[in-house]
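A.B. asks: got a predicted structure here, sequence first:
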Amino acid sequence: MWREGLWLRFLLTCAIGVCSILGDLGLKHGKSESERAVFDNMTHATVGGLTWTLIVVLSQKPLIRNMNSVFSCFLLASFIDLDHFIAARSWHIHDATHLQKRPFLHCTTVPIVLWILFIFLSNTFHSPILEHTSWVILASFLSHHIRDGTRRGLWFCPFGSTRPIPYYLYVSLCMFLPYILYWLMNLHTFAQKSNNNITFIDI
Ligand SMILES: [Zn+2]
């Protein structure tokens with residue numbers, strides 16, 4: 001049982017890395033602009049879904065019961081790119097991919113602020129669902145932003161952007177993001193328990 005879990009973690013970690021690299025190859029060699037955009041977006045969605053799957057496995061929760069959250073993370077990681085169309089005020093792929101500046105959902109300050117807000121609300125209303133949502137938002141956005149970050153860096157508006165993330169650092173970050181988030185989730189649960197506020201995150 002323990003060994004099975006270890007294998008599953010290993011496979012999912014590798015799957016995140018392989019999927020990111022394959023997605024980048026597709027982006028590089030795609031024939032048309034729309035083909036490249038669809039391939040890139042599907043990669044974002046798959047990496048997002050795999051990120052939450054690995055978090056569920058690390059938490060030793062049943063995957064079947066958590067498919068909703070896996071799917072939410074998958075969809076959210078994909079929907080982030082809709083802001084290209086909103087900023088371009090056009091449904092044409094060329095307009096959406098040739099913006100003057102990065103669209104608003106690509107600012108990493110957004111998920112951090114949302115995460116803090118949802119954690120605050122979940123503490124105020126003692127709502128495990130809001131807390132759970134805060135982590136799904138953070139996982140989907142960060143997996144998307146780190147992938148985009150290898151081309152354009154991380155954007156922390158209004159403070160500015162980092163340099164583009166070196167390629168293998170970005171792949172490693174994508175692979176280790178679920179572990180980092182799982183660790184943070186545990187820290188948060190531990191802090192809550194120390195405050196005698198017994199609200200467990202049921203992911
Ligand atoms: Zn994007």
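C.D. replies: Thanks, I have it. Everything numeric here is computed off the predicted structure, so don't read it as measured data.
A.B. asks: the helix or strand bottoming out on mean pLDDT in the chain - contacts with which helices or strands?
C.D. replies: Lowest by mean pLDDT, DSSP states H and E among the helices and strands of the chain is helix 93-97, with a mean of 86. Judged by 3 or more C-beta pairs under 8 Å, 6 or more residues apart in numbering; DSSP states H and E, helix 93-97 is in contact with helix 33-58, helix 82-88. C-beta coordinates here come from the backbone N, C-alpha and C atoms, glycine included.
A.B. asks: select, out of those helices, the one closest to Ile146.
C.D. replies: Closest of those to Ile146 is helix 33-58, at 8.9 Å (criterion: C-beta to C-beta).
A.B. asks: after the closest one, which helix or strand is next? Please name it.
C.D. replies: helix 67-79 (DSSP states H and E).
A.B. asks: tell me, what residue is most central in this structure?
C.D. replies: Taking C-alpha atoms, centre = their mean, the centroid of the chain lies closest to Ser140, which sits 2.3 Å from it.
A.B. asks: let's verify that residue: helix, strand, or coil?
C.D. replies: Of the three states, Ser140 takes helix under DSSP: H, G, I helix; E, B strand; the rest coil.
A.B. asks: and among the helices and strands packed on helix 93-97, the most buried is which?
C.D. replies: Of the helices and strands packed on helix 93-97, the one with the most neighbours on average (mean count of other C-beta atoms under 10 Å) is helix 33-58, at a mean of 21.
A.B. asks: that helix to helix 67-79, inter-axis angle?
C.D. replies: Interaxial angle, helix 33-58 versus helix 67-79 (axes from the mean of the first three to the mean of the last three C-alpha atoms, to 10 degrees): 150 degrees.
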